[in-house]
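**Q** Next one to model:
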Amino acid sequence: MSSQDLPAPRTGLVLTHFLTVRDVPRSRAFYSTVFGGQVVLEENPCIIKIANGWIIMNPGGGPTPDKPDVTLLPPEDRSHVSSFLNVRVADIQGFYEEQVARGVEFLTPPHDRRAELRCYIRDPDGYLIEIGQATGLLTGDLADT
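**A** The predicted model follows:
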């Protein structure tokens, strides 16, 4: 591991996404396989570099001195979400076919929304992940409502 692989900017900032997971090895395998991520740190926390970003994951837990009233839990209800990971790809059909061949389950095949093509998967803990490819948006067409 080199310092270039860590989400530690020398200036400015870098955006990462933290996930509370039930089983770090299972989630680590999912994100490194599905998105071709590089495991930078195996655990405590697990850090995976994916393209130009990072996923950081750890098991849930109770309050800590820096977040005294916060308990971290993975999703409990798969039908209600307040946020999701948004992944943009250059070739959604190719990505979709490759992942289906690997056994990844999509909620639906890619849908054309005028501004983009998109579909969704869930990670092992139930986090929703949008897979999208910009299409009409590149020429000023906005999404269907």
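**Q** going forward, measure contacts and count neighbours with C-alpha atoms only.
**A** OK.
**Q** Look up phi and psi at Arg28.
**A** For Arg28, the backbone dihedrals (degrees, to the nearest 10) come out as phi -60, psi -40.
**Q** Grab the nearest non-local neighbour of the residue most central in space within the chain.
**A** Centroid check for the chain by Cα atoms, centre = their mean gives Leu85 as the closest residue, at 4.4 Å. Spatial nearest neighbour of Leu85, excluding adjacent residues (Cα to Cα, 6 or more residues apart in numbering): Ile129 at 4.8 Å.
**Q** If you average the pLDDT over the helix or strand encompassing the one you found, what comes out?
**A** Per DSSP states H and E: Ile129 is located in strand 128-134. In this model, strand 128-134 has an average pLDDT of 95.
**Q** helices and strands around it, which ones?
**A** When contacts are defined as 3 or more Cα pairs under 8 Å, 6 or more residues apart in numbering; DSSP states H and E, strand 128-134 sits against strand 85-88, helix 92-102, strand 116-122.
**Q** Let me know which of the ones you listed is tucked in deepest.
**A** Mean neighbour count (mean count of other Cα atoms under 10 Å) peaks for strand 116-122 among the helices and strands packed on strand 128-134, with a mean of 20.
**Q** Outline the domain layout of the chain.
**A** Annotated domains of the chain cover 1-74, 75-145 [automatic domain parsing].
**Q** ok so, going back, just the angle between the strand holding Ile129 and helix 92-102, please?
**A** 140 degrees (axes from the mean of the first three to the mean of the last three Cα atoms, to 10 degrees).
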